[in-house]
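Chemist: sequence and predicted structure below; questions after.
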Amino acid sequence: MDFGLKGKVALVTGTASQIGMGNTICLTLAKEGCDIVSADMDIEGAIKTAEAVKNIGRRAISGKVNVTVYIEVEEMVKAGLKEFGKIDILVNTAGLNAGMGSQFLQQKQEIWEKDFAVNVYGMMNCAKAVIPGMVERQYGKIINFSSIVAKMAGSASSYAAAKAAVLAVNRGLATQYGPSNINVNAIAPGMVKTQFFFSMAADRREKVFDAMGSMAPLKRNQTTEDIANAVAFLASDISRNITGQCLQVDSGMVMQ
Amino acid sequence: MDYGLKGKIALVTGTGSQKGMGKAICLTLAREGCDIISADIDLEGAKLTATAVKALGRKAIALKVDVTNGSEVDEMAKTALKEFGKIDILVNTAGLIAGTGVPFVESTQDIWEKNFAVNLYGTMNCSKAVVSGMVERKYGKIVNFSSIAAKIGGANAYAAAKAAVSAFTRGLATEFGSSGINVNAIAPGFVKTEFFAKGSEERINRMFENEAMNSPLKRNQTTEDIANAVAFLVSDVSKNITGQCLHVDSGRVML
């Protein structure tokens, strides 16, 4: 299936981890013909990902950015526009689970603020920075990241609240910018074995991973490829009439 | 992107109309390498669709079936298995809307039964007829059709039936997930097919214009938009997506 992505320019955040979703998303989009702006707080990792993109024959630049700081985001977008002339696609992969492993009653406000800063303000800043250009060109695709925890019952979690807030922003942006031919969608991944996984306590993370797998109707967890394929679908005009949606890529954990 | 559909066998219902989603789905899947069973209560139409598939270089047979009749559906599945040896994919496109414009208090039992018979029982019958084979082979993709109507107001009996299809989709996905079977639904917004044949051209056009205006993307769907979503869901590129209702509706419904 021709995704029609040849020559499109994608800005992807959260690309530093070499085992992360961001990295695989860059490679998958590149295989479909995209040129890439690889952005992360960790510039070494972002550069590695950009190199991997260049190895498969597409152009790529990397940028150091803290998505919670709007000026840095603006600079990154400026650099992307300077290099490529346009940004067609924004993938807000950069995320954080500040409260992982901590108990609600023991959590400080700081943890809640971190989760909202990266997961909500981060995607909001990036969207704000790229949308004017997309409106001008009457074309754009924005993909945000929610999570299964946004809809599942679970322990009181700032991460879950932030990921649910992402969905409200997602719908708002889709509604407001639909008339400008900009598609805005979210993906809610289930468990994926990325750095998030490795940040769990070593003695329980495999058990948690297996338990999540057994709970899911498809009896498995996700790979970064599963996520990247969904991103590619949503970034392509083959899904041109899908907007404001949250696509669960979670082996059936959440069905609503 | 390689959808990995080459050699897969897809049974598609509702393929009679040459302007319909069913036909577009058959052609899109055929282009990805599928062989097709084209099924409809209108055999002539189903044959035309099968011929179009063959023109693309894939194998296709046409079968006459009333999806509300369990025995006919079983026969259809048997014939399909005899011809192709397996059914990898089922797309329950066959649908019907009865009672458009009829106020609720004037709606008859007949209207309600018609909507449920084709949209829900038809989907259920076809799923039942193919799922055992899929369980045996530990592989299957089923795509059902809900509608924006299931979540927004109006079109009572049709909306209720389409909401039932979504509930059924979730149940099937949950029950058969461990057998390697993905079950999802698509909720199309307005698509200009023969679904809306009744009524004046002018009235239908106005209805479509209104719908477009009420949609963030300010447009309606083509059968290609729907077929592209079907192809994505029946491919292993979406192998971890199941039990979902994918809205292809220009943003008409965001929940």
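Modeler: That came in fine, so what should we check first? Numbers count the residues shown, from 1 in each chain, chains lettered A, B, ... in the order given.

Chemist: what number of residues lie near the nearest residue to A:Lys6 once chain neighbours are set aside?
Modeler: Here the nearest residue to A:Lys6 in space, its sequence neighbours aside, is A:Gly33; by Cβ to Cβ, 6 or more residues apart in numbering or on different chains that works out to 3.2 Å. C-beta coordinates here come from the backbone N, C-alpha and C atoms, glycine included. By other Cβ atoms under 10 Å in any protein chain shown, 15 other residues sit near A:Gly33.

Chemist: A:Gly33 against A:Asp2, yeah?
Modeler: No - assessed by Cβ atoms under 8 Å, A:Gly33 is found out of contact with A:Asp2, at 9.6 Å.

Chemist: what does the stretch 101-250 of chain B put close to chain A?
Modeler: B:170, B:173-174, B:177-178, B:180, B:182, B:189, B:215-219, B:221, B:225, B:228-229, B:231-232, B:237-244, B:246-250 (Cβ under 8 Å from any Cβ of the partner chain).

Chemist: got the buried residues for stretch A:49-58?
Modeler: Using 16 or more other Cβ atoms under 10 Å in any protein chain shown as the test for burial, stretch A:49-58 gives A:49-50, A:52-53, A:58.

Chemist: now do the helices in the stretch 1-150 of chain A.
Modeler: A:21-31, A:43-55, A:70-84, A:109-116, A:122-137 (DSSP state H, counting those that start in this stretch).

Chemist: quick check: angle from the last one to helix A:109-116?
Modeler: Spelled out, it's helix A:122-137. 30 degrees (axes from the mean of the first three to the mean of the last three Cα atoms, to 10 degrees).

Chemist: ok, and for helix A:122-137, which residues are buried?
Modeler: A:122-127, A:129-131, A:133-134.

Chemist: which residues outside that helix are in contact with it?
Modeler: Helix A:122-137 has contacts (Cβ atoms under 8 Å, 6 or more residues apart in numbering or on different chains) with A:11, A:13, A:67-70, A:73-74, A:76-77, A:81, A:86-88, A:90, A:92, A:94-95, A:140, A:142, A:144-145, A:166, A:169, A:173, A:177, A:180, A:182, A:184.

Chemist: about what we covered before: the residues of the stretch 101-250 of chain B next to chain A in helices, which ones?
Modeler: B:170, B:173-174, B:225, B:228-229, B:231-232 (DSSP state H).

Chemist: looking at the helices of the stretch 1-150 of chain A, which is nearest to B:Ile142?
Modeler: helix A:21-31 (26.0 Å; Cβ to Cβ).

Chemist: report the distance from that closest one to the chain centre.
Modeler: 11 Å (Cα atoms, centre = their mean, to the nearest Å).

Chemist: what's the answer for stretch A:130-150, then?
Modeler: 10 Å.

Chemist: gap between the two ends of that stretch?
Modeler: 25 Å (Cα to Cα, to the nearest Å).

Chemist: then stretch A:194-201?
Modeler: 14 Å.

Chemist: for the record, mean pLDDT for it?
Modeler: Model confidence over stretch A:194-201 averages 90 on the pLDDT scale.

Chemist: coming back round to it: in the ones in helices among the residues of the stretch 101-250 of chain B next to chain A, find the pair that's most separated.
Modeler: Those two in those that are separated most widely, counting by Cβ to Cβ, are B:Thr174 and B:Asp225, at 27.9 Å.

Chemist: the two: which has the busier surroundings?
Modeler: Applying other Cβ under 10 Å to B:Thr174 and B:Asp225 shows that B:Asp225 carries more neighbours, namely 25 against 17.
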